[in-house]
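S.K.: Generate a structure from the sequence data that follows.
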Amino acid sequence: MSPTVDPLCSPRPSRPFEVERVREDFPALRQHVNGKPLIYLDNAATTQKPRSVVEAIRRFYEQDCSNVHRGVHTLSQRATEAYERAREIVRRFLNARSEEEIIFVRGTTEAINLVAHSFGRWRVRAGDEILISAMEHHSNIVPWQILCEMTGARLRVAPITEDGELLVEDVERLLTERTRLVAMTHLSNALGTITPAREIIRLAHERGVPVLLDGAQAVAHLKVDVQELECDFYAFSGHKLYGPTGIGVLYGKAEWLDAMPPYQGGGDMISSVTFEKTTYNRLPYKFEAGTPHIAGAIGLGAAIEYVTTLGVEAIAAHERDLLTYATEAVSSIPGLRVIGTARQKASILSFTLDGVHPHDIGTILDHEGIAIRAGHHCAQPVMERFGVPATARVSFALYNTREEVDALVAALQKVREVFGL
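M.R.: Here you go, the predicted model:
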């Protein structure tokens, strides 16, 4: 089955995508690995960084390095301006209503944990339920398990089909009067499935249940509009969006964030402190305790500007072409099984090869200069669902090409030769 991308999420681009010109912006792609030109197909784990992101971070450390907020000297003011400008860039990128709805965190994992601990302490009690899906990353499973252990709540799991699809009717069946939150992926890191997020949010809201979307994979491949989705929380990481590691974003509707208690205590999240009482800062700073990752936020802003300049729709169309081309190409390889054949997919091609462990596939491909991911992808329940210990995962980005897919297929044929298949 050839995968497609949700046309509502990714409309057709208005201009051709010049991938060879784009590749010039990424210095890492010029290197050789094991004597072969690097073919980087591990983008779901992390992406390479364009020169503009590296330069933005370097400029901060060379010229503007200072702590943000409250400083009266020039460097502090410049650092604060750049940091808050990055917040506004994120706000526009997600189409959030206000900058106060954009919380800088370390990544998707911390964003989800923030909601689990803060929202959970406020809203979840014994007998309540949290609803997730069977295709979640561990980061969208474990925090809810911890919350359930702390409160006596129950974790419920919506199943997925043999194609790796999440059915709206299964989610609807599991929504009850005890459901306090739905937390689901927007795009599966192990399967590439695009979930029916809008329909799920609509069903949940009809019952007064808020929804968190794990957008770690989605933001680099789909157009995300939080007001159009109407999600209550949206989490993503900068490093999967061509930005730095150690920086991410939690979007939350202001009415939820206002009501939630702080996740951490310390500097900058306070308005005033005495030994008798502390009053908290306004949003978004109530959730940003301590010195933030200033350079990371600035780098993330530069990454979003880079992606926005290229056009999310143009990137999505380019990646859709690569995924379709690759899916058809590997289907001709004897013994290869694609894991995850949902009708709506993006960017990710997971597979197994009869008689060869995925780690051996990854090792042989590395000798050919091809970087992929092999393992359970922090999604062990997904592997259990499909009866495999691990998969080999190819994940595409805006700088990949059809020629790289051809090289991948040739390398996979070499894997078969090595194992005498």
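
S.K.: Tell me the spacing between N400 and E206.
M.R.: The gap separating N400 from E206 is 40 Å, by CB to CB, to the nearest Å. Heads up, the C-betas are built off the backbone N, CA and C, glycines and all.

S.K.: And for G152?
M.R.: From G152 to E206 the distance is 26 Å (CB to CB).

S.K.: Please apply the same query to P159.
M.R.: P159 sits 21 Å away from E206, taking CB to CB as the criterion.

S.K.: Also S98?
M.R.: S98 is 25 Å from E206, by CB to CB.

S.K.: Then V72?
M.R.: The span separating V72 from E206 equals 51 Å under the rule CB to CB.

S.K.: okay, the two: which has more neighbours?
M.R.: For V72 versus E206, neighbours defined as other CB atoms under 10 Å are more numerous around E206 (10 against 6).

S.K.: Find the nearest non-adjacent residue to the most centrally placed residue in the chain, please.
M.R.: For the chain, the residue nearest the mean C-alpha position is A216 (0.9 Å; CA atoms, centre = their mean). Taking CB to CB, 6 or more residues apart in numbering as the measure, A216 lies nearest to T108, with 4.1 Å between them; neighbours along the chain are not counted.

S.K.: do the same with G369
M.R.: By the measure of CB to CB, 6+ apart, the closest residue to G369 outside its immediate chain neighbours is K36, 2.9 Å from it.

S.K.: which residues pair with that neighbour across the strands?
M.R.: The residues listed as beta-bridge partners of K36 by DSSP bridges are V33.

S.K.: count of residues packed around it?
M.R.: 14.

S.K.: what sits against it?
M.R.: With contact taken as CB atoms under 8 Å, 6 or more residues apart in numbering, K36 is in contact with 368-370.

S.K.: again with P292
M.R.: 68, 83, 104, 268.

S.K.: Doesn't the third one belong to a strand?
M.R.: Read it as F104. Yes: under DSSP: H, G, I helix; E, B strand; the rest coil, F104 sits within a strand.

S.K.: hmm, back to that, next, the residue nearest to the centre of the chain: secondary structure please.
M.R.: Secondary structure assignment for A216 (three-state DSSP): coil.

S.K.: Pretty sure H239 is one of the things it touches, is it not?
M.R.: No: judged on CB atoms under 8 Å, A216 makes no contact with H239 at a distance of 9.5 Å.

S.K.: mind checking the longest helix of the chain?
M.R.: Scanning the chain for the helix with the most residues, using DSSP state H, yields helix 74-94.

S.K.: Could you check that helix and say which residues are buried?
M.R.: Buried positions in helix 74-94, judged by neighbour count with 16 or more other CB atoms under 10 Å: 76, 78-80, 82-83, 86-87, 89-91, 93-94.

S.K.: other SSEs contacting it?
M.R.: The criterion is 3 or more CB pairs under 8 Å, 6 or more residues apart in numbering; DSSP states H and E, and the helices and strands that helix 74-94 contacts are strand 102-105, strand 248-252, helix 294-310.

S.K.: now whichever helix or strand comes after the shortest one, how far from the chain's geometric center?
M.R.: Just to be clear, that refers to strand 102-105. Later in the chain than strand 102-105, the nearest helix or strand by DSSP states H and E is helix 108-123. Put simply, helix 108-123 sits 17 Å off its chain's centre (CA atoms, centre = their mean, to the nearest Å).

S.K.: Please work out the average pLDDT along helix 108-123.
M.R.: In this model, helix 108-123 has a mean pLDDT of 96.

S.K.: now swap in stretch 386-403 and tell me
M.R.: When pLDDT is averaged along stretch 386-403, the result is 97.

S.K.: Next: stretch 193-211.
M.R.: Averaged across stretch 193-211, the pLDDT comes to 97.

S.K.: in that stretch, what's buried?
M.R.: Within stretch 193-211, the residues that qualify as buried by neighbour count (16+ other CB under 10 Å) are 193-198, 200-201, 203-204, 209-211.

S.K.: Now distance to I247 and secondary structure too, for the residues you listed, in CSV please.
M.R.: Rendered in CSV, the data for these read as follows (distance: CB to CB, whole Å; DSSP: H, G, I helix; E, B strand; the rest coil):
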residue, distance to I247, secondary structure
T193, 26, strand
I194, 25, strand
T195, 25, coil
P196, 29, coil
A197, 24, helix
R198, 28, helix
I200, 28, helix
I201, 26, helix
L203, 33, helix
A204, 29, helix
V209, 30, coil
P210, 25, coil
V211, 24, strand
